[in-house]
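Student: Curious how this folds, go ahead:
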Amino acid sequence: MTARRDLRSDAGQAFPIYITAVAGLLFLALALFAVGQAGATRNGGQTAADAAALAAAQDYRDQLRKGFLKAIADGSAWDDLLNGRGLGSTSACDEARWFAGQNGADVTDCHGPEFLPTSFTVTVRTQKPVGKTVIPGTETKHAKATAKAVVTPRCTAEPPAPPTKGPDDGGGGDGGKGGGDGGKGGGDGGKGGGDGGKGGGDGGKGDGKDDKPPIDLRCDGLDLTIDPTRLDLFPDAKDLFSVHLAD
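Tutor: Numbers count the residues shown, from 1 in each chain. Next up is the predicted model:
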């Protein structure tokens, strides 16, 4: 009888310990679930920040190409544009806001290019909170994340080739000399000299033609020539600039 009572007494004492251990394990599992839920929200926010920063940089890259194309067509300076700078206010941060919204976040800050290298830094806040968990306060806790995307020029300008002499170069000077020789010979020679002078004038007119020279670029180790008369063959933005997330 005594042995049976001891066994029952031991079992009764172990039961509360068992309940406490199970409750502790259950709470630990719920806490780990809360941590995982918070991590998932954080990862979602980081994805939104990455997408927003890349969208801003890609939009800026497209505008750089348009500005570069317009500068060549107008004959204005384009050096800064080729280096990834030279644009005024842009819609790049508007693109960042749109892409962040598509990924369930709101942009709280967007910084455009101020210094080289050209980059965009975007901070977002998730639209949905972590949610209710065993950890107090998570039902109103939103994740925040920041990402930076860089626009890197692929090309550098090559020095322009020296101008080549055309077949009419110096024709005006020879014509004038012929006119002078004709002047020595008398009236007919003088007439010939006048014609020679006219020929010289025509030769000078031919030299005055102003064509836009081709633009030679070196892009990722390869030669690229832009013909200002064939801007329909202008390279794509991705051929001129690369966009990537900063480490």
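
Student: thought Pro129 was touching Lys144?
Tutor: No. At 11.8 Å, Pro129 and Lys144 do not qualify as touching, with contact defined as CB atoms under 8 Å. C-beta: built from backbone N, CA, C; applies to glycine.

Student: check which helix or strand covers the nearest residue to Glu158 once chain neighbours are set aside.
Tutor: What sits nearest to Glu158 in space, not counting adjacent residues and going by CB to CB, 6 or more residues apart in numbering, is Asp216, at 3.9 Å. In the assignment (DSSP states H and E), Asp216 maps to strand 215-219.

Student: Over to Ala145?
Tutor: Secondary structure assignment for Ala145, by DSSP H and E: strand 144-153.

Student: Neighbouring strands - and their directions - for that strand?
Tutor: Note on strand 144-153: by DSSP bridges, its sheet partners are strand 118-126 (antiparallel), strand 241-245 (antiparallel).

Student: Would you map the helices across the protein?
Tutor: Per DSSP state H, the chain carries helices over the ranges 2-74, 79-82, 92-102, 171-185, 187-207, 237-240.

Student: Kindly calculate the angle that the strand holding Ala145 makes with strand 215-219.
Tutor: 130 degrees (axes from the mean of the first three to the mean of the last three CA atoms, to 10 degrees).

Student: For strand 144-153, which residues meet the burial criterion?
Tutor: Counting neighbours by 16 or more other CB atoms under 10 Å, one finds that the buried residues in strand 144-153 are Ala145, Ala147, Lys148, Ala149, Val150, Val151, Pro153.

Student: now do stretch 82-93
Tutor: With burial defined by 16+ other CB under 10 Å, the residues of stretch 82-93 counted as buried are Leu82, Asn83, Gly84, Arg85, Leu87, Thr90, Ala92, Cys93.
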